[in-house]
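Student: Fold the following, please.
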Amino acid sequence: MEELYRDGKIRAIGVSNFYPDRLIDLNIHNEVVPAVNQVETYPFCQQNESVKLMKEHNIQIESWGPFAEGRNNIFENDVLVSIAAQYDKSVAQVILRWLAQRGVVAISKVCS
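Tutor: Now for the predicted structure:
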């Protein structure tokens, strides 16, 4: 991948589900720092340690599961419902806004 990057055949390298220790290993043993790390991120899985490390290394965090795949009644959560009602928004809009304000790119999906 680094050769393709150096040759201008790709614009960026991204990874998925790299925990902080694996991300550090990747950075130590390679020349090109990944542009993005796609991890499960939502209000009840905030990935705070990962977010901090990625910001330090200028790696964009991307959430592949901002709605927790519809699990754990996330759309009926009392706190999220109350915030949504306060701002006349849906719970999904509240979650996406929360992610955006944290600098997290979101790929929204809900699996049934």
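
Student: pLDDT below threshold where in the chain?
Tutor: Low-confidence segments of the chain, defined by pLDDT under 70: 109-112.

Student: Repeat the analysis, applying 50 as the threshold.
Tutor: Within the chain, the set of residues satisfying pLDDT under 50 is empty.

Student: where exactly do the strands run in it?
Tutor: Ranges of strands in the chain, per DSSP state E, are 14-16, 36-39, 60-63, 105-106.

Student: Would you map the helices across this protein?
Tutor: For the chain, the helices defined by DSSP state H cover 2-6, 20-28, 48-56, 78-86, 91-101.

Student: so can I have a markdown table of these showing distance to E40?
Tutor: Just so you know, the C-beta spots here come from the backbone N, C-alpha and C atoms, and that holds for glycine as well. Shown next, in a markdown table, are the helices of the chain (distance: least, CB to CB, whole Å):
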| stretch | distance to E40 |
| --- | --- |
| helix 2-6 | 26 |
| helix 20-28 | 14 |
| helix 48-56 | 10 |
| helix 78-86 | 17 |
| helix 91-101 | 12 |
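
Student: among these, which is nearest P66?
Tutor: Among the helices of the chain, helix 91-101 comes nearest to P66, with 5.6 Å by CB to CB.

Student: For the closest one, buried residues please.
Tutor: Neighbour-count burial for helix 91-101, counted by 16 or more other CB atoms under 10 Å, picks out V91, A92, V94, I95, L96, W98, L99.

Student: right, and V104 touches Y42 too?
Tutor: No. Counting by CB atoms under 8 Å, Y42 is not a contact partner of V104; they are 9.6 Å apart.

Student: Spell out which residues are contacts of both of those two.
Tutor: S63, P66 (CB atoms under 8 Å, 6 or more residues apart in numbering).

Student: ok, back up a step: most neighbours per residue, which of the helices of the chain?
Tutor: helix 91-101 (a mean of 17; mean count of other CB atoms under 10 Å).

Student: For that helix, list the C-alpha coordinates in CSV.
Tutor: Output of helix 91-101 as CSV, limited to C-alpha atoms (Å, rounded to 0.1, in the frame of the first residue of the first chain):
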residue,chain,number,x,y,z
VAL,A,91,-32.4,10.6,18.3
ALA,A,92,-30.5,9.8,15.1
GLN,A,93,-29.9,13.5,14.4
VAL,A,94,-28.7,14.0,18.0
ILE,A,95,-26.2,11.1,17.6
LEU,A,96,-24.9,12.3,14.3
ARG,A,97,-24.5,15.9,15.6
TRP,A,98,-22.7,14.6,18.7
LEU,A,99,-20.3,12.7,16.5
ALA,A,100,-19.7,15.6,14.2
GLN,A,101,-19.0,17.9,17.1
